[in-house]
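S.K.: Turn this into a model:
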Amino acid sequence: MCRKELSEGAKASALKTRFYFDDMRAAARIAAELLPCGKMLLIADEEDSHAALAMRGAFAGLRVFCVVFGAEDNARGLFSLPDDVRLAVAVGSRSVAAARFFCTLRGAYLVALPSSVHAEGLLCAANAEGYPVNEPDAVLFDETFIGGRGLAGSASAAFLSALYAEDTDIDAVFSGGRKEYGCSLLRLSEKLSESGGAASLFAACALQEMALRAFSQYPSRAFYDVLRAKGGRSDGECAFAAVFYSLARYAALFRGGSPRPYFVPDYAARAKEAAKYIGEDAFRNVNVPSAEECFARVQIFSECREHFRTAADVALCRAEKMKERYYRAGGKKPVFRTGALEEAYSLSAELSPMLSVAALERDFGLLPHMRGGAYGVKTGANV
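M.R.: Have a look, this model is predicted:
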């Protein structure tokens, strides 16, 4: 089932990647289909090296160069390998990232074996340094090898797809123009994430990665990224906190928010603060509405309030089911200061060009730190 959805998603995203759900030893067969003979690289994260190197003898007809990639190693070291290495099999997230960089510059094939259910970085368009990298030619998911690693984090991370899709819906209504931004992939990711199985969660995370290739500036993504930048919490914990804090604010706005007339936020000061995270792009994201636009948004808010209140309630119900899967998989309860969550959430309005719940709260004068503009919301509820 998951392979079909991933194949359709890859086709829609113009990706060449093929997905396999099999024992990791199937990597030898996949490699032979790509490169029947020649030289190849077998690279594995240090913690996965024993299982990976045990496959070495299976690559018949290929001369294998083995590399154990440590946490402090640099991908540039791979370029000391012979120029005619034309294929890499990478095991583990660090090794996959390094091999994507290497294979892009060498024009080599890549078979990627994730060591975690969380697929982040597997299909992204650029590496951590911002260099454009090619997607893997094949991805092999071995549930037995992974053994539940990343299961809790992927449960909360995959649910971010629901937030990104809600961001798209809200922006479409309040900006007056529908921007798909891979929304169909996000909804499919959300659907797969609800099953809770390792393979389905992996597929959900991979589909989310595909959607983020088309557009990554979702307000909810910005909120999540700021929490991660603050450090001290796992990605899964940051995603969990982002989901429940965002949905609490979403529901509170459309249940009881009351726009303050003639309120003008300090857009320049807010953009200056956001620029600490994304530089001058924060100023490009600022779009100060005219008086006419402000009144129009208040009118839309009044007309669509019930629709979005219901949408928020439905999303919260689904999030509660995700919470059960998260804790069942061993996820930790994230502990953030309410002020830290509020700051990151507030900044998301300037960290995205989209009209979001946070942007509406800003324009309506309803962010909690705006004097007299707070309304009742348990920001730590359900987290």
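S.K.: what packs against the worst-scoring helix or strand of the chain on mean pLDDT?
M.R.: Taking mean pLDDT, DSSP states H and E as the measure, the chain has helix 281-285 as its least confident helix or strand, at a mean of 80. Applying 3 or more Cβ pairs under 8 Å, 6 or more residues apart in numbering; DSSP states H and E, one finds that helix 281-285 contacts helix 267-278. C-betas here are computed from N, CA, C, even on glycine.
S.K.: contact partners of stretch 167-175?
M.R.: 178-181, 183, 186, 218-220, 297, 300-301, 304, 308, 311, 352, 354-357, 360 (Cβ atoms under 8 Å, 6 or more residues apart in numbering).
S.K.: so how far is that stretch off the chain centroid?
M.R.: 20 Å (Cα atoms, centre = their mean, to the nearest Å).
S.K.: cool, stretch 177-197 as well?
M.R.: Computed by Cα atoms, centre = their mean, the chain-centroid distance of stretch 177-197 equals 12 Å.
S.K.: Can you measure across that stretch, start residue to end residue?
M.R.: Taking Cα to Cα, to the nearest Å, stretch 177-197 runs 36 Å from one end to the other.
S.K.: residues of that stretch that come out buried?
M.R.: 181-183, 185-190, 192-194, 196-197 (16 or more other Cβ atoms under 10 Å).
S.K.: Which positions within the longest helix along the chain qualify as buried?
M.R.: In the chain, taking DSSP state H as the definition, the longest helix is helix 291-328. Of all the residues in helix 291-328, those buried under the rule 16+ other Cβ under 10 Å are 294, 297-298, 301, 304, 308-309, 311-312, 315-316, 318-319, 322-323, 325-326.
S.K.: Check stretch 351-370 too.
M.R.: Buried-residue list, stretch 351-370, by 16+ other Cβ under 10 Å: 351-368, 370.
S.K.: Same question for stretch 45-56.
M.R.: Buried-residue list, stretch 45-56, by 16+ other Cβ under 10 Å: 45, 48-49, 51-52, 55.
S.K.: for stretch 158-178, same thing?
M.R.: 158-168, 170-175.
S.K.: secondary structure element for the nearest residue to S220 once chain neighbours are set aside?
M.R.: In space, and not counting its chain neighbours, S220 is closest to L163: 3.7 Å by Cβ to Cβ, 6 or more residues apart in numbering. Secondary structure from DSSP states H and E places L163 in helix 151-175.
S.K.: ok and that helix relative to helix 291-328, angle-wise?
M.R.: 170 degrees (axes from the mean of the first three to the mean of the last three Cα atoms, to 10 degrees).
S.K.: Rounded mean pLDDT for helix 151-175, please.
M.R.: Averaging pLDDT along helix 151-175 gives 94.
S.K.: what bits of the stretch 201-350 of the chain have low per-residue confidence?
M.R.: For the stretch 201-350 of the chain, no stretch is flagged by pLDDT under 70.
S.K.: sorry, back to before: so which of the contacts of stretch 167-175 belong to strands?
M.R.: Counting by DSSP state E, none of the members of the contacts of stretch 167-175 fall within strands.
S.K.: Can you point out the buried residues in stretch 6-19?
M.R.: 6, 9-10, 12-13, 15, 17-19.
S.K.: Repeat that for stretch 199-218.
M.R.: Those would be 199-213, 215-218, for stretch 199-218 by 16+ other Cβ under 10 Å.
S.K.: on that earlier part again, just curious, which of the buried residues of stretch 6-19 is nearest to S80?
M.R.: Ranked by distance to S80 (Cβ to Cβ), the buried residues of stretch 6-19 are led by T17 at 27.5 Å.
S.K.: any idea of the pLDDT on the closest one?
M.R.: On the pLDDT scale, T17 gets 96.
S.K.: cool, and G61?
M.R.: For G61, the predicted pLDDT is 87.
S.K.: Output the contacting helices and strands for the helix or strand hosting L207.
M.R.: Here L207 sits within helix 198-214, counting by DSSP H and E. Under the contact definition 3+ Cβ pairs under 8 Å, 6+ apart, helix 198-214 sits against helix 2-12, strand 18-21, strand 138-141, helix 143-146, helix 151-175, helix 183-193.
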